[in-house]
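Engineer: could you look at this predicted model? Sequence included:
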Amino acid sequence: MVLTEQQMERYSRHIILEQVGGAGQEKLLASKVLIVGAGGLGAPAAVYLAAAGVGTIGIVDGDKVDLSNLQRQIIHHTPDVGKDKVLSAQNKMRAINPDTKVITYNRRITAQNVRDIIRGYDFVIDGTDNFPAKFLINDACYFEKIPFSHAGILQFDGQLITVLPGRTTCYRCIFSAPPPANVVPSCSQAGVLGVLAGVIGSLQATEAIKSLLGIGELLTSTLLTYNALTMEFRKVRLSRNPDCPLCGRKPRITELKDEEQIVCDLKNCKC
Amino acid sequence: MTLVVNGKQTNITDGLTISELLVEENVKMPQMVSVELNGQILKRSEFDRTVLKDDDKVEFLYFMGGGNGAD
């Protein structure tokens, strides 16, 4: 691939970086990233990855844009309320950068479809809002050997970790299974500062770009936690867990299955 | 005795177990927490029988969802 004159100008601030250069930009244009969830985390990740010239971006979401999304999901605008999130996101990414090919998956991931969706991508961004999906992405990326960025946000706190499956600490090394029902507060009940999603989603996009370019140090075997109120970032080193049910010495998970959807109903919620 | 809990020096009662530390540190939903002790993730079944020592480094790691639409 040879960069056109327009591309030289569009990506000039990347190309001027020693660690990126023309070759790095060409690499980005030939790369494929899948974003699962076109929400708070997926929105900034999609915007920055499209702007960066990632050649193919897949976006997975089965929901429609809701008015209450707009406080943080910056890829969706007021006229998009009621539209499919993946189509709304695709329109914005196309407008930002015609170099980026956007593939939409207007559905939720399940144990049945997830491996087919993620196969062939170079990096996966977990921007989902629920634990079954987070475990499913972790497990599917393990079986397909695709690096991914996991993240979560709640109220004023966020955290993320990058996983190189089979080589670095995975989500199940930390949490072997989803938490029991009715103990999980969700953003709709507990609230979330909108810009927090932007901070964490942008960090996920940073990890994707570093992974695609093979530069710097990825946030592997390390959980980065952030609190917006104290402006404190902390890196917590997390070793691989030999008892991990997925990537440990004696794996118990040898195929994908859907974890039970945990719904925190307000009546029984302890949050 | 003194521990480092999530990066902060913390004085606690001597001889506490992990389960008791979760109570003393006011962790409201212990089911939502994984615990790393001196760099190793502990099994939940070990919370009751793991007694803390001076200078131990403890990390409470919280389940965090969020990020998407409905949530």
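Structural biologist: Happy to help now that I have it.
Engineer: on the pLDDT front, check the residue lying closest to A:Pro132 once chain neighbours are set aside for me.
Structural biologist: Leaving aside its sequence neighbours, A:Pro132 sits nearest to A:Glu259 (C-beta to C-beta, 6 or more residues apart in numbering or on different chains; 4.1 Å). All C-beta atoms are positioned from the backbone trio N, CA, C, and that covers glycine. At A:Glu259, the predicted lDDT confidence score is 80.
Engineer: A:Glu259 contacts A:Pro179, doesn't it?
Structural biologist: No. Using C-beta atoms under 8 Å, A:Glu259 makes no contact with A:Pro179, being 10.4 Å away.
Engineer: look at the two and report which has more neighbours.
Structural biologist: A:Pro179 (19 against 16; other C-beta atoms under 10 Å in any protein chain shown).
Engineer: so the more buried one makes contact with B:Pro30?
Structural biologist: No. With contact defined as C-beta under 8 Å, A:Pro179 does not reach B:Pro30; the gap is 10.2 Å.
Engineer: what's in contact with stretch B:16-31?
Structural biologist: With C-beta atoms under 8 Å, 6 or more residues apart in numbering or on different chains as the test, stretch B:16-31 has contacts from A:179-180, A:183, A:270-271, B:3, B:5, B:10, B:12-13, B:33, B:35, B:37, B:42, B:46-52, B:58, B:60.
Engineer: of the residues you listed, keep whichever come out buried.
Structural biologist: A:179, A:183, B:3, B:5, B:12, B:33, B:35, B:37, B:42, B:47, B:50, B:52, B:58, B:60 (16 or more other C-beta atoms under 10 Å in any protein chain shown).
Engineer: from A:Asn130, how far out is the last one?
Structural biologist: Read it as B:Phe60. 22 Å (C-beta to C-beta, to the nearest Å).
Engineer: what's the answer for A:Leu28, then?
Structural biologist: Taking C-beta to C-beta, one finds A:Leu28 at 30 Å from A:Asn130.
Engineer: by residue count, which helix of chain A is the longest?
Structural biologist: If you go by DSSP state H, chain A has its longest helix at helix A:194-213.
Engineer: now do the following helix or strand past that one: which elements does it pack against?
Structural biologist: Later in the chain than helix A:194-213, the nearest helix or strand by DSSP states H and E is strand A:222-227. Using 3 or more C-beta pairs under 8 Å, 6 or more residues apart in numbering or on different chains; DSSP states H and E, the elements in contact with strand A:222-227 are strand A:157-163, helix A:194-213, strand A:232-237.
Engineer: which of those sits closest to A:Val81?
Structural biologist: helix A:194-213 (16.2 Å; C-beta to C-beta).
Engineer: now the residue nearest to the spatial centre of chain B. Its backbone dihedrals?
Structural biologist: Chain B has B:Phe60 as the residue nearest its centroid, 4.0 Å off, counting by C-alpha atoms, centre = their mean. Torsion angles at B:Phe60 (phi, psi; degrees, to the nearest 10) stand at phi -90, psi 120.
Engineer: surely it and B:Val33 touch.
Structural biologist: Yes. Using C-beta under 8 Å, B:Phe60 is in contact with B:Val33, at 5.0 Å.
Engineer: rewinding a little: of all the helices and strands packed on strand A:222-227, which one comes closest to A:Glu255?
Structural biologist: Short answer: strand A:157-163, nearest of the helices and strands packed on strand A:222-227 by C-beta to C-beta, at 18.9 Å.
Engineer: please enumerate the strands of the stretch 51-200 of chain A.
Structural biologist: A:56-60, A:101-105, A:123-126, A:148-154, A:157-163 (DSSP state E, counting those that start in this stretch).
Engineer: out of the ones you listed, which comes closest to chain B?
Structural biologist: strand A:148-154 (2.9 Å; C-beta to the nearest C-beta).
Engineer: partner strands of the closest one, with direction?
Structural biologist: Strand A:148-154 sits in its sheet next to strand A:123-126 (parallel), strand A:157-163 (antiparallel), going by DSSP bridges.
Engineer: quick one: mean pLDDT for that strand?
Structural biologist: Mean predicted confidence for strand A:148-154 is 96.
Engineer: right, and A:Glu26 touches A:Leu3 too?
Structural biologist: Yes. Between A:Glu26 and A:Leu3 there is a contact under C-beta under 8 Å: 6.5 Å.
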